[in-house]
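Undergrad: here you go, sequence then predicted model.
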Amino acid sequence: MTDAVIKCESVYKIFGANAKKMLEEANGNVDAKTFQENGCIVGVNNASFEVLKGEMLVVMGLSGSGKSTLLRCISRLTDATGGKIFIEGQDLLSLKDKELIELRRNKMGMVFQSFALLPHKTVLENIAFPLQIKGIETEKSINKAMDMVKLVGLDGRENYFPRELSGGQQQRVGIARSLAVEPDIWFLDEPFSALDPLIRKEMQDEFLRLQEKLKKTIMFITHDFDEALKLADRIAIMKDGIIEQLDTPAKIVLSPATEYVKKFTEEVPREKVLIIEDVMDAPKSDNLSDLKVSKDEIIENVAEKILSQEKSVGVIDSNNKIVGTVHPSKIIHTVFGGRKENS
Amino acid sequence: MELLKKYPKLFQWLFLLIVFFGLCFAIDVPETYKFIRGQAEFIKDPNQSTYILFGKEVRYYAFDNFWRLPPLLGWLPIWINDGLFFLLNEWMPMEFWDSATQEYKTRPLVLQISRNVTAFMTFLIELIREILLGGVETIVAFTSWNFVSAYPWAKLPGLPWTIVAAGAAILAYKLSGKGLAIFAGLVMIYISVFGQWKPSMQTLSFILVAAPLSFIFGLSLGVMAYKSKRVEKALYPILLVMQTMPQYAVLVPAMVLFGIGDHAAVIITMVVAIPPMILLTLLGLRGVSPEVIEAGKMSGCSNWQLLTEVLIPTARRDILIGVNQVIMVCFSMAVISAFIGAKGLGWNLLLALNQLNIGLALEAGLCISLIAILLDKMSLAWANKQTDYFGNLTFFQRYKNTIFFGGAVVIGAILALAGSFFFKEGFNYLYEVPHNKGISTADFWNKGVDWIFDTFFVYIKAFNTWLITEVLQPMRALYLRMPAVATLVLVVGAGYIIGGIRSAFTVGGLTLFIALSPWWDRALVTTYMATFGVIISCTIGFTVGTLCQQNKYTTNFMLGVCDIFQTFPSFVYLIPVMMLFGVTDTSVLIAVIVYATIPATRYTIEGLKSVPAALHDAATMSGVTKLQRLFKIEFPLAFPHMMLGLNQTIVFALFMVIIGAFIGTEDLGQYILKALSDKAGGGKGLVLGICVAFIGLIFDNLIRTWVEKRKKHLGID
């Protein structure tokens, strides 16, 4: 595919003294246990995937699963031990320091879990920081930063210091800073994990609103499966450095690839994740009720309407063409059946 | 048996003590032994044995080796001395261009380097001095402008004191605000009115060179150590020793290398001030969270930008403490380096103390302390300053400080000029109040001292006698009664119980070094004085700290008091105690106690403060009384931090004991002081200093190891 912005080909990250040598000897067959016995820790194990332009890939995994390490390989905050990484077709690992700095200054933005704001700079200075590093003159960069302050809704607090802000506000600053250079690629490393549940939800909504507007290519790291479902175009689930499954939220919920993934999906309220298209049957022309629903509707939103019908309901696409049908019993089965007892 | 299993450490300690005392009683005091006073080792005594090592004759008293180890390291100072001499005068002769004689001249490399460094320092100091006090020597020296030397009237006038005072106030205002400005103005006026202007400016010029240089070197070395493990490993042992080395001891070798005068003082100050700066820089940089560094990298920082824009500013807190330390050390050294001929307030202070003119000493000491506090506050304010981007300032607002300063220069100059007409005869008070022509309260203080002596002489004398005969002498005798081998066993045993085999080896090695040096007895005396001081300091510090911590206001008040006291140069503490107790051991000990109580108090308060509030509440809810809470919850948890305070207390006490040599003690410090006037004293001073540093390091190692274990045990970090 030509418009893959990020492309990884069997990326490995192994920590330890002679990691490189051991990786070569393993011949593509990396086993965490044998490595550990030899004093090496496997961070990322054979990760291959692509992120398309304007797509949001959420990498989900529990702590120690290697998700942050993977992100750091792709932003080259650490060097991958093996494999290839391409950013817009450029081989990341072959870049010289200067080229890497250029790439970061113009194409990449990153948000951190602990916000990572510079404590000695005000909100405004923090946001203007990447611009000033680039060598943009003070007045211009401050004006640009002021725009970003407005974008994340912090106007009036631009002269505060990070320590004077709440967690949510600090992360807004972090987001504004990462967006100040107008990067194409946006890395977010558990950006909302350190926030209270209510603030987290508010920030997620805000984040979706921003992405609607900005259409960045995003890699988003989280340990919260619900957050992944809510935000992602596609989700990669990682365990022990291995990507267990990489697919759209619906497919992961409907057909988890491994036992491990299943553990996450069991508790998920499907009506909130799945859309009609995911559960519809093949179109049939006869015996349909008068109601029609769009294939992109989330089940939860239309369930009541469908359940009030007795016959199958027609499913239409954006051109009002019938592409499938849904019987009310199918909705009941999706919502209440096929959970634990069926697994 | 149950008991043994329950408290294994306790029994280990008991066993160790039994062995120690057993050894103490088993090893007889040799009949020939008497406490060697004064200059015993310079006198040829037929009882002395000699041996030849590295071509040098080393003499010692052949005692029983269990009682005192033979001074096998006696050759070390001589060897260091010869090494220094060789390096300076013979090693690597090279051709250098001499601009004075216009020809090449052969000179040893080190000598040439040392002369160049010296010249550079002298230039810097003189330059600042001439701006503040007037003169043209630097211009003459560096432009060979014969015109100036030909005409004696062509002399650059110094800044009138009014301008410097106004400048200081305006700078303080710009940095911080009204409060500091008023303080700065008052300090300057005080200095001038009391006739301390010239020495103060001399001291200031010395500090304005030494402090920034120490800061720059310390910061860069700290950054280098942060970047490279190898540099850190190489620096670490030196830093450790320098931290506990008395400042006196550095004077001597530096004097050999760089001669005497202000420039040597600057270099010594740097040697002393750089280590804490390095350590604090390193600590600060280590503390920067990795995510902040990553954020910097992702913002596209080059290595240099990452360092200057992210790492150093983020580590600012610790680096600032480093700056603070540098300034403190500078002032402290400003006094001590008077011993090697640095001019300024320190010189006056030393002179006054020598003449027992307490009043004059008090005034000079107060001046130093005031300038120290002022500079300290200004440097803090400078680091905390922030810019306002949206201030829509008019031209006047933007440049008002510059304009005011310009105004002050003009007015000051006019005043000084007017003064020259007004005070036709004698001195122009509006230009510079000459030394000893200002107001002086010295007489008042001296009379006060006399009055105290007249009135309370009996009591002071009685207290003094009681203390010396009933407490100090027995304690000292007890310490001197410790046989070297028994002491070694005690220290190694303590090291083993606290930190295992590694610790045992370290402290054992340090003790062995002292035991094998010719000054074991002196080291014991130093230890006894320090121990006495530390015990009292800790008792006072822990009590005062605990009491103050009960209330928020007293806490802040006490911390403020500690801050101010810490800014005083260590030498200043000798003044009031000499006022009260004259030239006795009691004076030294009281100075030690006052000085060392500061860290004890501070760390107690900080330790108690760091006990988590949740635990506090939990304890209160389970219904403990205030006293129970203090003893069951707060003390156990705060104890590790308080022990670090003890560590600092020991270092402070050792420093003061050594400085106390100036009053006249009979310990290592006295020998260091003697080495100062000894032509071949360089090596001796250094080895003596190392001995003192090692005493500190033994305690440091034991306490630190214990604290780390304890912290791990309690789960605090």
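TA: Happy to help now that I have it. Numbers count the residues shown, from 1 in each chain, chains lettered A, B, ... in the order given.

Undergrad: for the residue of chain A found nearest chain B, which non-adjacent residue is spatially closest?
TA: Residue of chain A nearest chain B, by C-beta to the nearest C-beta: residue A:105 (3.2 Å). All C-beta atoms are positioned from the backbone trio N, CA, C, and that covers glycine. Once flanking residues are discounted, residue A:105 sits nearest to residue B:300: 3.2 Å by C-beta to C-beta, 6 or more residues apart in numbering or on different chains.

Undergrad: pretty sure that neighbour sits against residue A:97.
TA: No - using C-beta atoms under 8 Å, residue B:300 is not in contact with residue A:97, being 11.3 Å away.

Undergrad: looking at the two, which is more packed in?
TA: Using other C-beta atoms under 10 Å in any protein chain shown, the more surrounded residue of residue B:300 and residue A:97 is residue B:300, with 23 against 9.

Undergrad: helix, strand, or coil at residue A:119?
TA: Under DSSP: H, G, I helix; E, B strand; the rest coil, residue A:119 falls in the coil class.

Undergrad: quick one: contacts for it?
TA: A:161-163, B:314, B:316 (C-beta atoms under 8 Å, 6 or more residues apart in numbering or on different chains).

Undergrad: tell me the centre residue of the chain?
TA: Picked chain A for this. residue A:58 (2.3 Å; C-alpha atoms, centre = their mean).

Undergrad: that residue contacts residue A:230, correct?
TA: No - contact criterion C-beta under 8 Å: residue A:58 and residue A:230 do not qualify, at 9.2 Å.

Undergrad: point out where the stretch 401-550 of chain B drops to low pLDDT.
TA: Scanning the stretch 401-550 of chain B for pLDDT under 70 picks out the ranges B:416-439.

Undergrad: now the helices for it?
TA: Secondary structure of the stretch 401-550 of chain B by DSSP state H, counting those that start in this stretch: the helices cover B:442-466, B:473-480, B:484-516, B:520-549.

Undergrad: list the buried residues of the longest one.
TA: Under the neighbour-count criterion of 16 or more other C-beta atoms under 10 Å in any protein chain shown, helix B:484-516 has B:484-499, B:503-504, B:506-508, B:510-512, B:514-516 buried.

Undergrad: other SSEs contacting it?
TA: helix B:8-26, helix B:520-549, helix B:681-714 (3 or more C-beta pairs under 8 Å, 6 or more residues apart in numbering or on different chains; DSSP states H and E).

Undergrad: ok so, going back, and which of the contacts of residue A:119 is nearest to residue B:243?
TA: residue B:316 (22.1 Å; C-beta to C-beta).

Undergrad: what count of nearby residues applies to the nearest residue to the closest one once chain neighbours are set aside?
TA: Distances taken as C-beta to C-beta, 6+ apart place residue A:120 nearest to residue B:316, at 5.7 Å, with adjacent residues excluded. A count of neighbours around residue A:120, defined by other C-beta under 10 Å, yields 20.

Undergrad: do the same with the one 10 residues further on
TA: A count of nearby residues for residue A:130, using other C-beta under 10 Å, gives 28.

Undergrad: returning to what we had before: need the contacts of residue A:119 in a markdown table (columns: distance to residue B:538, neighbour count and pLDDT).
TA: Output for the contacts of residue A:119, formatted as a markdown table (distance: C-beta to C-beta, whole Å; neighbours: other C-beta atoms under 10 Å in any protein chain shown; pLDDT from 0 to 100):
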| residue | distance to residue B:538 | neighbour count | pLDDT |
| --- | --- | --- | --- |
| A:161 | 38 | 16 | 88 |
| A:162 | 39 | 19 | 88 |
| A:163 | 35 | 8 | 87 |
| B:314 | 35 | 23 | 86 |
| B:316 | 32 | 16 | 83 |
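
Undergrad: looking at these, which one is closest to residue A:16?
TA: Nearest member of the contacts of residue A:119 to residue A:16, counting by C-beta to C-beta, is residue B:314, at 29.4 Å.

Undergrad: isn't that closest one right up against residue B:286?
TA: No - using C-beta under 8 Å, residue B:314 makes no contact with residue B:286, being 11.4 Å away.

Undergrad: next up, the contacts around residue A:257.
TA: A:244-245, A:247.

Undergrad: repeat that for 7 Å
TA: Residue A:257 sits next to A:244-245 when contact means C-beta atoms under 7 Å, 6 or more residues apart in numbering or on different chains.

Undergrad: assign it to helix, strand or coil.
TA: Classified using three-state DSSP, residue A:257 is coil.

Undergrad: and which of the contacts of residue A:119 is nearest residue B:354?
TA: residue B:316 (42.3 Å).

Undergrad: how close does residue A:231 get to residue A:56?
TA: Going from residue A:231 to residue A:56 by C-beta to C-beta, to the nearest Å gives 6 Å.

Undergrad: so who does the residue nearest to residue A:105 touch?
TA: Residue B:300 touches A:101, A:104-105, A:130, A:133-134, counting by C-beta under 7 Å, 6+ apart.

Undergrad: burial of residue B:550, as a residue count?
TA: Using other C-beta under 10 Å: residue B:550 sits among 11 other residues.

Undergrad: oops, could you answer that again for residue B:467 instead?
TA: Neighbour tally, residue B:467, other C-beta under 10 Å: 18.

Undergrad: once you drop chain neighbours, what's closest to it?
TA: residue B:586 (5.7 Å).

Undergrad: now for the helix or strand containing the one you found, which elements pack on it?
TA: Here residue B:586, judged by DSSP states H and E, is contained in helix B:585-609. Helices and strands touching helix B:585-609, as assessed by 3 or more C-beta pairs under 7 Å, 6 or more residues apart in numbering or on different chains; DSSP states H and E, comprise helix B:520-549, helix B:552-567, helix B:574-581, helix B:635-659.

Undergrad: just how off-centre is the helix or strand following that helix within its chain?
TA: Once the chain leaves helix B:585-609, the next helix or strand it forms, by DSSP H and E, is helix B:613-621. Centroid separation between helix B:613-621 and its chain, computed with C-alpha atoms, centre = their mean, to the nearest Å, is 40 Å.

Undergrad: assumed residue A:230 was part of a helix.
TA: Yes - assessed with three-state DSSP, residue A:230 lies in a helix.

Undergrad: what sits against it?
TA: residue A:204.

Undergrad: which strand or helix spans residue B:275?
TA: Per DSSP H and E: helix B:262-287 holds residue B:275.

Undergrad: who touches the helix or strand just after that helix?
TA: Downstream of helix B:262-287, the first helix or strand assigned by DSSP H and E is helix B:290-298. Contacts with helix B:290-298, where a contact means C-beta under 7 Å, 6+ apart, come from A:75, A:77, A:104, A:108, A:110, A:112, A:114, A:116, A:118, B:306, B:310, B:314.

Undergrad: which SSE is immediately downstream of helix B:290-298?
TA: helix B:303-305.

Undergrad: what about that following helix, average pLDDT?
TA: In this model, helix B:303-305 has an average pLDDT of 88.

Undergrad: same deal with stretch B:370-384?
TA: Mean predicted confidence for stretch B:370-384 is 83.
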